[in-house]
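Q: starting from these lines, generate the structure:
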Amino acid sequence: MTPAEIEAHFTRSDGTYLCARWGRPIVPVVFGVNDETLPVIKGAIEAVALLAAHSTAETDPELGANLMMFFMRDWDELLALPDLSRMIPELEPLVARLKAVDANQYRLFRFEPDGAIRAAFVFLRMDAHLDAVPADALALGQAVQTILLWSETAFRERSALAAGPDGEVILRPEIGALIRAAYDPVLPGAAQDASHALRLSARMQQG
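A: Below is the predicted model of the structure:
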């Protein structure tokens, strides 16, 4: 992966560069799935955190849970959750926007004072497209997309996932290497200068 390709993964559609990683252990909680699917999702989150040499935990002393994943059939279901509008004051206009563009997923992040990720909300509307995705692939894809603050266009042309030699779903090796590099403790928790991509590239080559 060239420095330019790395930079593109964190360059937003308005041309600004922003890469951020989690600044605290990840504490996931999942709503709207059955008991069989829950371990698949949490297992994927733990596996990607392990890849990044980052930690997960049972509770966040300040927030309780800091990665909240919601699975639903209709966006209006979010408005019926009594405490969610308190955590996300912009919930009503957000739901209206998601319905207007017929979106099936959305991720919302909150940040520490230094710009690192503090919390994330993942919303998945299980339409026909997402229903067709195997649970392990869906879980791994969402875990990858929440371990860092990627550009909204990062995986538009090419998925972060690939088929393994036995047909299983795996993370593309170069994306795994990029995640590991971004969690190098020498690097900052968040960066807004595109030169950060050069530092990521150097660490990927060392790895």
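Q: look up phi and psi at the most centrally placed residue in the chain.
A: Note on the chain: the residue nearest the mean C-alpha position is T146, at 1.3 Å, using CA atoms, centre = their mean. As for T146, its main-chain torsions (degrees, to the nearest 10) stand at phi -110, psi -10.
Q: would you check that it makes contact with A120?
A: Yes: proximity of T146 to A120 meets the contact threshold set by CB atoms under 8 Å, at 5.0 Å. Using the backbone N, CA and C atoms, a C-beta is placed for each residue, glycine as well.
Q: shared neighbours of the two, anything?
A: Listed contacts common to T146 and A120 are 67, 107; contacts here mean CB atoms under 8 Å, 6 or more residues apart in numbering.
Q: mean confidence for the longest strand seen in the chain?
A: What stands out as the longest strand in the chain, according to DSSP state E, is strand 117-125. The average pLDDT within strand 117-125 is 97.
Q: go on, stretch 71-88?
A: Within the predicted structure, the mean pLDDT of stretch 71-88 is 93.
Q: tell me which residues are up against stretch 56-74.
A: Counting contacts by CB under 8 Å, 6+ apart, the residues outside stretch 56-74 that touch it are 24-33, 41, 45-46, 49, 78, 81, 118-126, 142, 146.
Q: what packs against the longest strand of the chain?
A: Counting by 3 or more CB pairs under 8 Å, 6 or more residues apart in numbering; DSSP states H and E, the packing neighbours recorded for strand 117-125 are strand 67-72, strand 105-111, helix 135-147.
Q: in space, what's closest to I41 - neighbours in sequence excluded?
A: The spatially closest residue to I41, leaving aside those adjacent along the chain, is A139, at 4.4 Å (CB to CB, 6 or more residues apart in numbering).
Q: what is the neighbour count of that neighbour?
A: For A139, the tally of surrounding residues (other CB atoms under 10 Å) stands at 26.
Q: tell me which residues in the lowest-mean-pLDDT helix or strand in the chain are buried?
A: Per-element confidence for the chain was summarised using mean pLDDT, DSSP states H and E. The lowest value among helices and strands belongs to helix 84-87, with a mean of 90. Of the residues in helix 84-87, L84 count as buried by neighbour count, 16 or more other CB atoms under 10 Å.
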